[in-house]
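Engineer: Have a look at this prediction, sequence included:
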Amino acid sequence: MQNAIKSAISFSGVGLHTGAAVKLTIRPASADYGIWFKRTDIRSGDPMVPAVWSAVVPSRLCTLIGNASGVTVSTIEHLMAALAGCGIHNALIEIDGPEVPILDGSAMPFVEGILAKGVRALSQPLRAFHILDRVEVREGEALARLDPAPTLEIDFRIEFSDAAIGRQAKALNMANGAFVRELCDSRTFCRQADVDAMRASGLARGGSMENAVVVDGDLVLTPGGFRYADEAVRHKMLDALGDLALAGAPILGRYTGNRAGHALTNKLLHALFGNPDAYRLTEIGPGERASLPGIGVHRADLPAFA
């Protein structure tokens, strides 16, 4: 069965790149509604923006979606990961600005809020994309790939010159609440040199040591350091789940990312849906449903940082 949140929940914060204060409310939605954003501050044009792969607009450093009226919503990846990781398939997200609040830089505040409200089962059956054949995209040394697998698996590798991050790799089967337990509290990270460059370009106006882990060579500048030794690759996996959620239905397959980012994962979805022989959309039974991210998740699964 499809799921929605039981009752509305609101979040307030600032956008990472705009620095603007914004309020966001997740509202329940009916079966087959999908995930939609509504810009409540828009007075002319269409305020509704679908959270789907085909609505993604090329952007630096985040996932940005837009509609035919030119209305956009940016930095949606952490919220999308939270919805997917909590098993929410239908929601209306009202937002009074152009960027989702960054909160603590992870998906954990969204997850905590969703689980506090509870999840409601809807009457309609749930469908999922079964990956039937390998689909792969590359850009230089970066790679993103989908392979057949009975459940959603994410395998990610990163490599940074900064010794505080270096090489990291992690693989997870995303069934049985793995996202909530292992990934949801992993924060966005960046190098101090990148922060300086972004601010010089008018970006990262809302960035701070409270919503990102900042490194400089072998130093971690954010007080308290990393929550995990491999928090950086965990956050990349969080981002990947959020970007894959733009498929419009759960994916059953193995995602492999090597130095991949938002744009490459979206390019992968374009390649997938451009090849009808590579996937099949079918209703899933109880056995498959039990293996999806978010099924059977409880507040007790939240990490100790919550």
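Structural biologist: Now that the structure is in, tell me what you want to look at.
Engineer: what domains does the record give for the protein?
Structural biologist: 3-121, 127-301 (automatic domain parsing).
Engineer: got a list of what residue 299 touches?
Structural biologist: By CB atoms under 8 Å, 6 or more residues apart in numbering, residue 299 lies in contact with 112, 115-116. In this view, the C-beta of every residue, glycine as well, is placed from N, C-alpha and C.
Engineer: Send me stretch 233-241 as CSV with only the CA atoms.
Structural biologist: Extracted in CSV, the C-alpha atoms of stretch 233-241 (Å, rounded to 0.1, in the frame of the first residue of the first chain):
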residue,chain,number,x,y,z
VAL,A,233,30.3,9.2,2.2
ARG,A,234,27.2,8.6,4.3
HIS,A,235,25.9,12.0,3.3
LYS,A,236,26.6,11.3,-0.3
MET,A,237,24.5,8.2,0.1
LEU,A,238,21.7,10.3,1.7
ASP,A,239,21.9,12.7,-1.3
ALA,A,240,21.7,9.7,-3.7
LEU,A,241,18.6,8.4,-2.1
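Engineer: roughly how far out does it sit from the chain middle?
Structural biologist: Put simply, stretch 233-241 sits 8 Å off its chain's centre (CA atoms, centre = their mean, to the nearest Å).
Engineer: before we move on, what SS does the one residue sitting closest to the centre of the chain have?
Structural biologist: The centroid of the chain falls nearest to residue 242 when counting by CA atoms, centre = their mean (2.1 Å). The three-state label given to residue 242 by DSSP: H, G, I helix; E, B strand; the rest coil is helix.
Engineer: State the distance from it to residue 161.
Structural biologist: The gap separating residue 242 from residue 161 is 26 Å, by CB to CB, to the nearest Å.
Engineer: thought residue 180 was touching residue 86?
Structural biologist: Yes. Between residue 180 and residue 86 there is a contact under CB atoms under 8 Å: 7.2 Å.
Engineer: Tell me which of these two has more neighbours.
Structural biologist: More crowded of residue 180 and residue 86, by other CB atoms under 10 Å: residue 180, with 29 against 26.
Engineer: Now do the same for the residue lying closest to that one once chain neighbours are set aside: its pLDDT.
Structural biologist: Sequence neighbours aside, residue 301 is the residue nearest to residue 180 in space, at 4.6 Å (criterion: CB to CB, 6 or more residues apart in numbering). On pLDDT, residue 301 comes in at 86.
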